[in-house]
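1. here are the coordinates; sequence isn't available:
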């Protein structure tokens with residue numbers, strides 16, 4: 001016993017001297033306890049109360065080491081008399097929760113040196129009145145933190161005496177007093193700088209447009225916004241509402257291959273000579289509107305989609321064109337002045353194209369004789385100051401034309 005005590009103290013001292021690798025909280029517990037110990041039957045000792053104290057060093061949030069001293073005065077089980085018991089041991093402990101949690105369950109394993117037999121009768125051992133023994137143990141328990149400095153600890157432990165192959169059981173309950181300190185460690189490494197070659201705030205690893213101009217506004221992919229999807233960023237788009245799928249130049253405007261002032265998508269005569277005077281369809285000569293049909297088509301709000309339910313109304317135009325083969329038609333879309341003018345122009349163009357699509361599709365009119373143009377708010381036929389007037393202005397017209 002006299003040898004084990006300095007060994008235990010040396011082990012605790014060496015643990016305190018362990019270098020700090022990172023900033024953490026270390027805790028020292030003083031653990032007085034009372035226990036009830038059941039001895040192996042071969043010891044000839046009755047179950048008895050045991051008292052002790054532990055000094056525990058919790059050097060990591062989940063790891064601790066503890067030195068324990070305990071003693072008891074046990075009655076002999078089969079003969080009269082008693083026998084003293086003393087033990088000092090060292091246990092390693094693993095906690096399943098850090099110190100700042102209320103409940104800290106744990107498991108532990110350890111070894112120690114015990115003395116039996118210093119009583120008023122001789123020991124059961126055949127070796128004499130004193131019997132020293134090495135015991136190993138495994139245990140489980142919990143710590144309940146009442147506060148930062150006080151906790152309650154319960155423990156169940158099984159001991160195995162190596163010398164005589166004995167098995168003893170102990171259950172204990174105690175109160176602990178904690179002393180905390182924060183250990184400063186090495187500084188955290190500086191965060192690695194994320195590569196962003198064009199400085200737009202989107203890392204190169206997910207930048208789909210890696211060469212955006214300095215100061216440009218970009219989306220989450222690192223690309224400049226392009227509202228009409230024509231491939232030209234809004235910041236440089238001179239024609240921000242080009243139709244979907246239209247071919248555009250570097251300024252974001254639709255192509256006009258023959259330079260007659262009518263974009264290719266609306267040009268019914270795409271190869272007019274340079275300098276020729278053309279009408280709204282891109283064809284030479286002057287067109288004259290000889291009749292206008294107002295087409296009663298109801299579009300859903302903010303929509304340019306129509307089905308075949310209006311084909312009977314649109315067929316009036318198709319029939320007129322079939323009866324007058326020298327004519328052409330411009331489908332003109334109009335809107336009221338509610339909202340932005342640029343959006344109304346865009347929406348009226350889409351609605352005119354939707355009606356033209358019914359003419360050239362299901363109704364079989366030659367596409368060369370049909371054009372579509374949105375006028376937005378430019379040509380009202382009634383006041384926009386009233387609901388009734390605005391309703392009249394939201395219209396689609398078929399302008400029957402001939403060339404003179």
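-> Looks like it came in fine. All values derive from a computational prediction rather than experimental measurement. Numbers count the residues shown, from 1 in each chain.
2. Quick check: phi and psi at the residue nearest to residue 231 when sequence neighbours are not counted.
-> Nearest non-adjacent residue to residue 231, counting by Cβ to Cβ, 6 or more residues apart in numbering: residue 248, 7.0 Å away. In short, each C-beta sits where N, CA and C put it, glycine included. When read as degrees, to the nearest 10, the backbone of residue 248 gives phi -130, psi 160.
3. Isn't residue 248 up against residue 242?
-> Yes - Residue 248 lies in contact with residue 242 (Cβ atoms under 8 Å); the separation is 5.6 Å.
4. quick one, helices of the stretch 301-404 of the chain?
-> If you assign secondary structure with DSSP state H, counting those that start in this stretch, the helices in the stretch 301-404 of the chain sit at 311-323, 341-360, 387-393.
5. just so I have it, where are all the strands in the protein?
-> Counting by DSSP state E, the chain has strands at residues 24-38, 48-58, 63-75, 82-95, 103-116, 131-145, 150-161, 166-183, 287-295, 328-334, 370-376, 396-403.
6. Pick the most buried one from those strands.
-> Between those, strand 328-334 has the highest mean count of neighbours, a mean of 25, where neighbours are mean count of other Cβ atoms under 10 Å.
7. average pLDDT for it?
-> The pLDDT scores in strand 328-334 average 92.
8. now the angle from it to strand 287-295?
-> Note on geometry: by axes from the mean of the first three to the mean of the last three Cα atoms, to 10 degrees, strand 328-334 and strand 287-295 are set 50 degrees apart in direction.
9. Dump the helices of the stretch 301-404 of the chain to a markdown table, plus distance to residue 298, mean neighbour count and mean pLDDT.
-> Putting the helices of the stretch 301-404 of the chain into a markdown table (distance: least, Cβ to Cβ, whole Å; neighbours: other Cβ atoms under 10 Å; pLDDT from 0 to 100) gives the following:
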| stretch | distance to residue 298 | mean neighbour count | mean pLDDT |
| --- | --- | --- | --- |
| helix 311-323 | 10 | 16 | 90 |
| helix 341-360 | 11 | 20 | 91 |
| helix 387-393 | 10 | 14 | 89 |
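10. Of all those helices, which one is nearest residue 62?
-> helix 341-360 (62.2 Å; Cβ to Cβ).
11. Determine how far the closest one lies from the middle of the whole chain.
-> 42 Å (Cα atoms, centre = their mean, to the nearest Å).
12. cool, and stretch 138-152?
-> Relative to its chain's centre, stretch 138-152 lies at 36 Å (Cα atoms, centre = their mean).
13. Check stretch 241-250 too.
-> 37 Å.
14. Contacts for that stretch, please.
-> 228-232, 239, 252-255, 263-265, 342-343, 345-346, 349-350, 353 (Cβ atoms under 8 Å, 6 or more residues apart in numbering).
15. cool, stretch 134-149 as well?
-> So stretch 134-149 is contacted by 87, 89, 91, 95, 99, 101-114, 151-163, 168, 176-180 (Cβ under 8 Å, 6+ apart).
16. swap in stretch 220-238?
-> Stretch 220-238 has contacts (Cβ under 8 Å, 6+ apart) with 198, 200, 202, 206-210, 212, 216-219, 240-242, 244, 246, 248, 250-253.
17. which of the residues in that stretch are buried?
-> Across stretch 220-238, burial judged by 16 or more other Cβ atoms under 10 Å covers 222-224, 226, 228, 230, 232-233, 237.
18. end to end, how far does it reach?
-> Criterion Cα to Cα, to the nearest Å; first-to-last residue distance in stretch 220-238 is 24 Å.
19. burial measure for the residue nearest to residue 231, as a count.
-> 19 (other Cβ atoms under 10 Å).
20. Could you report the separation of it from residue 194?
-> When distance is defined by Cβ to Cβ, to the nearest Å, residue 248 is 35 Å away from residue 194.
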